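*Asks:* coords please:
(chains A and B)
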Amino acid sequence: MSQDHSEHRPVEDTSSADAPVVLVLDGVSKSFGPTKALQAVSLNVRRGSVHALLGGNGSGKSTLIKALAGVQPADAGTALLGGNTLDLRHLSPQAAHAAGLRFVHQNDSTFATLSVAENLAIGSGFTTGLAWHIIWREQERRARQAIERFGIKAKPSDLLKDLGPATRKMIEIARALQDVDEDQPGVLVLDEPTAALPTTEANTLLDAIRRYAEQGQSIMYVTHRLEEVFALADEATILRDGRNWTTVRPRDITHDELVSHMMGSAWDSARKARDHEIGAPVLEVKDVSAGATRNCSLTVRAGEVVGIAGLIGSGRSSLLKTLFGALPLEAGTVTIDGKPVQHGSPREAMHAGIAYVPEDRSTDAVFPGLSVRENLSIASLSRYWRHAVIQRKAEHADGRRLLRDYLIKAPNDAAPIGSLSGGNQQKVVLARWLRRDPRVVLLDEPTQGVDVRARAEIYQLIATASRSGTAVLFVSSDFEELVTVCDSIAVLRSGRLVTVVPAASLDAEKLNVLVHAPLAS
Amino acid sequence: MATTIVEPGQPQSAGTPNSPRPSSGRLIRGLEAYALLGLTVVVGAFFSVWGPTADTFLTAANLRSLSSGNAVVAVVALAALVPLVAEEFDLSVGAIAGLSAVLAAEAVAAGLPVILALVIALVAGTLVGLFNALICTRVGVNAVVTTLGVSIVIAGLINQITGGTTISGNLPAGFLKFGSGSTLAVPNIVWALAIIALAVYYLVDHTPYGRYLYAYGANRQAARLVGIRTRLTVGLTFVLAGLIAGSAGFLQVLRAGGADPRVGDSLLLPAITAAFLSAAAIKPGRYNVGGTMVAVLFLAVLNSGLNLAGVPPYVNSYVNGVALIAGVALAVLLGRRKA
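*Replies:* Numbering: from 1, shown residues only, chains lettered A, B, ... in the order given. From the prediction side, this is the model:
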């Protein structure tokens, strides 16, 4: 489970510890209201090295990248690059670009219906002649240069939609770097570039990235895939709770050490939480097709936590939404305790005892402008409707009790929901559903954007619910989390459920392989 | 469910709101809630001592006229308020009131019992509201566009029915006496307003339906995902708006003793202004009934003073326009601070 990455060459010590530092981040801080997303984070990136930036949900990784990109100003902090000091409180994207920072974000930002040459030109400007007409020969020549320099297997006239995802990513990188000389000080920031790639494609991309680094490009590599860190990174900085927890050299530590750096004690409490009996089947999904999912069948028993793992676009969220009646069911049946569930609306799903915690809480779960109390009671108003009025005292009393029981940190239950941190808002959403004692809880990325302490608390809340017999379905892109919190894990690939495996027999790497492996016939 | 997650030496969690709300916060919120009412009193006091209006403003006659004259506006404002809580804009409430007034006046003038005229007014309003509801929720047309279109059609309808002239005369004496009379020194129209306001307040503040409206207004997607029947919930707001606007039309006939075909137009803007302005008072950041009443009073005092002072009509336009913009801006700012 540790260092056997035989598919990749281990990182050779080409960039030694004495390589000059090309980027210095100093004292970067950012708060959102009461939430301290970043607290005085400092780190150095060496020239020609791959510097991994690691951290779980809520660690502050994306906030740091956004500050560096000039997309979201920090409250404090500077970046020193090529002799220029950039004030991160007032950085514009143009200034970041001019200083030599280049970004390739997680989502595919290429234009599928345009050619390689056009995609490259859009990034840097077309060469135009009289009356702004585009000189295509020049565009082609420049595209050929980039293709050569970055080792892209494509012709300038190929359309992006006909190319593989790794090649598209490389074109994105080429587009970002094409106007940067190899000798110029500059840093390429890659944000989870392999997130949506199957294994073979991911390996191609990793090889390419290693080549770019060897050619002298300094790279900051944001990821939560530990195996990539060991395969690729010279140094790794781990962010936790908004702080630079530590910086390590991956070749000097073990996998377990890296995990414990990243997750701290959240894991221990999560591990200890699974020690109860699993009962009879509660949720039975048979041959369900809807949205991106096809012919999925699975069973969740009372007290069981079943995880769902799959790449973006594999159908994970569609499956949950369909089970909750938010997406139409095209085929198949769903039964709870043997009774078929009437599908078509969330109301009917709720009536059958299903609860759903959506992935994107700000667009799908939180009611801004309403108080914590109102957010807690919105799915349970009927219990307060007596004698033709809403019983406010009872609602208030329950609000206070729920704050305590669900470990929600708020001044009181009348506080506006927006004044709570992301983790606490998530706990409010969880409390809203768990207080109904549902038979089944569908969780979609419940710890996304949540700090470490709140994550541990959320695992506790889930464990308590499952101990009382609730069946839990848990979707997550964090394989470490799935392996630790779930009893068994279902793997979705391209909408099909390929296998269900007991979590005890898995670790994050094995799960990663299962998720990425190409579909066999 | 007591659990302890505290680990010694664990770094402080990034997401802990620390201190309890300071009591100065409560004081500020209290001031926010009653600021508009206070402003109304100040403006009223001003008109009571200012030269041109000192003798006429604070008289029993003027106050009676002010209150009964604006009672109908207040009811129309309540009609607009119900959809507004769900962040839907119903711009047809004025026209509905006008239509109901015309139909009720015609009915009474034709000799039908007053009760039947009331029923006709309410049914007409409800039917228009139902139409709005169906177009907005089933066909999916934007509420602003739908209600605007409907109000234009209704204006045409009113014109056709009345031929452009006011309906008056032929109204029974008892009817007229009730409409302009008072009970316990309060105009009867204002008593009617009080009853309607209480009913709307109850609906919006003390029923699950009201809570669902606020939830839908805060986040439509989330409302659906907690099991709220969004189409029904929103559709019903338009029906209720129509019903309430219909009652406003009837009250207008009671008060004026007839129906002016242009009354709908003159009701819409002050009513909408007051509905938006309601989020600046009593429950800052949220559209609410108490705030609507204060807003109507504020606009009434303001306009009454301006009229008594004999200012040219364009001044009224400036003042009311600015009040609308300021009201909405204030509501947005207060709402943003809460969220």
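*Asks:* Which helix or strand in the chain has the lowest average pLDDT?
*Replies:* As the question left the chain open, I've gone with chain A. helix A:266-272 (a mean of 58; mean pLDDT, DSSP states H and E).
*Asks:* Switch to chain B, please.
*Replies:* In chain B, no helix or strand scores lower on mean pLDDT, DSSP H and E than helix B:173-180, which sits at a mean of 77.
*Asks:* Which strands or helices does the helix or strand following it pack on?
*Replies:* For helix B:173-180, the following helix or strand on the C-terminal side (DSSP states H and E) is strand B:182-183. Here strand B:182-183 is seen to pack against no other helix or strand when contacts are counted using 3 or more CB pairs under 8 Å, 6 or more residues apart in numbering or on different chains; DSSP states H and E. C-beta here means a position set from N, CA and C on the backbone, and glycine is covered the same way.
*Asks:* and strand B:182-183, which strands flank it?
*Replies:* Strand pairing for strand B:182-183, using DSSP bridges, gives strand B:186-187 (antiparallel).
*Asks:* Identify each buried residue in the following helix or strand past the strand it pairs with, please.
*Replies:* Downstream of strand B:186-187, the first helix or strand assigned by DSSP H and E is helix B:188-206. If you call a residue buried by 16 or more other CB atoms under 10 Å in any protein chain shown, then helix B:188-206 has these buried ones: B:188-190, B:192-193, B:196-197, B:200-201, B:203-206.
*Asks:* same question, stretch A:461-480
*Replies:* A:461-466, A:469-480.
*Asks:* Stretch B:108-121 now?
*Replies:* Those would be B:108-109, B:114, B:117-121, for stretch B:108-121 by 16+ other CB under 10 Å.
*Asks:* Provide the contact partners of that stretch at residue level.
*Replies:* B:100-101, B:103-105, B:107, B:167, B:169-172, B:175, B:246-247, B:249-250, B:253 (CB atoms under 8 Å, 6 or more residues apart in numbering or on different chains).
*Asks:* Just the buried ones from those?
*Replies:* The buried subset of those - by 16+ other CB under 10 Å - is B:100-101, B:103-105, B:107, B:167, B:171, B:246-247, B:249-250, B:253.
*Asks:* Can you list the low-confidence ranges for the chain?
*Replies:* Went with chain A since none was named. Applying pLDDT under 70 to chain A flags the ranges A:1-18, A:56-58, A:182-183, A:196, A:263-275, A:451-452, A:518-521.
*Asks:* try chain B instead
*Replies:* By pLDDT under 70, the weakly predicted segments of chain B are B:1-26, B:169-170, B:335-339.
*Asks:* show me where it has helices.
*Replies:* Assigned by DSSP state H, the helices in chain B fall at B:23-49, B:51-54, B:60-85, B:93-109, B:114-134, B:143-162, B:173-180, B:188-206, B:208-218, B:220-224, B:230-256, B:263-277, B:289-308, B:313-338.
*Asks:* Of these, which is nearest residue A:167?
*Replies:* helix B:220-224 (35.9 Å; CB to CB).
*Asks:* which residues touch the closest one?
*Replies:* A:326, A:346, A:358, A:363-367, B:212, B:215-216, B:230, B:233.
*Asks:* what's the distance between the residue of the stretch 51-200 of chain B found nearest chain A and residue B:219?
*Replies:* Nearest residue of the stretch 51-200 of chain B to chain A, counting by CB to the nearest CB: residue B:87, 10.3 Å away. Residue B:87 is 10 Å from residue B:219, where distance means CB to CB, to the nearest Å.
*Asks:* what about those two, which has more around it?
*Replies:* Between residue B:87 and residue B:219, residue B:219 has the larger neighbour count (other CB atoms under 10 Å in any protein chain shown), namely 21 against 16.
*Asks:* The more buried one against residue A:358, yeah?
*Replies:* No: applying CB atoms under 8 Å, one finds residue B:219 not in contact with residue A:358, separated by 11.1 Å.
*Asks:* what is in contact with those two at once?
*Replies:* Applying CB under 8 Å, 6+ apart, one finds that residue B:219 and residue A:358 are jointly contacted by residue A:364.
*Asks:* Got the phi and psi for residue A:391?
*Replies:* Per-residue torsions, residue A:391: phi -80, psi 100 (degrees, to the nearest 10).
*Asks:* Contacting chain A as well, which ones from the buried ones among the contacts of stretch B:108-121?
*Replies:* Filtering the buried ones among the contacts of stretch B:108-121 for proximity to chain A by CB under 8 Å from any CB of the partner chain leaves nothing.
*Asks:* Tell me the one among these nearest to residue B:38.
*Replies:* Distance to residue B:38 across the buried ones among the contacts of stretch B:108-121 (CB to CB) is lowest for residue B:247, with 30.8 Å.
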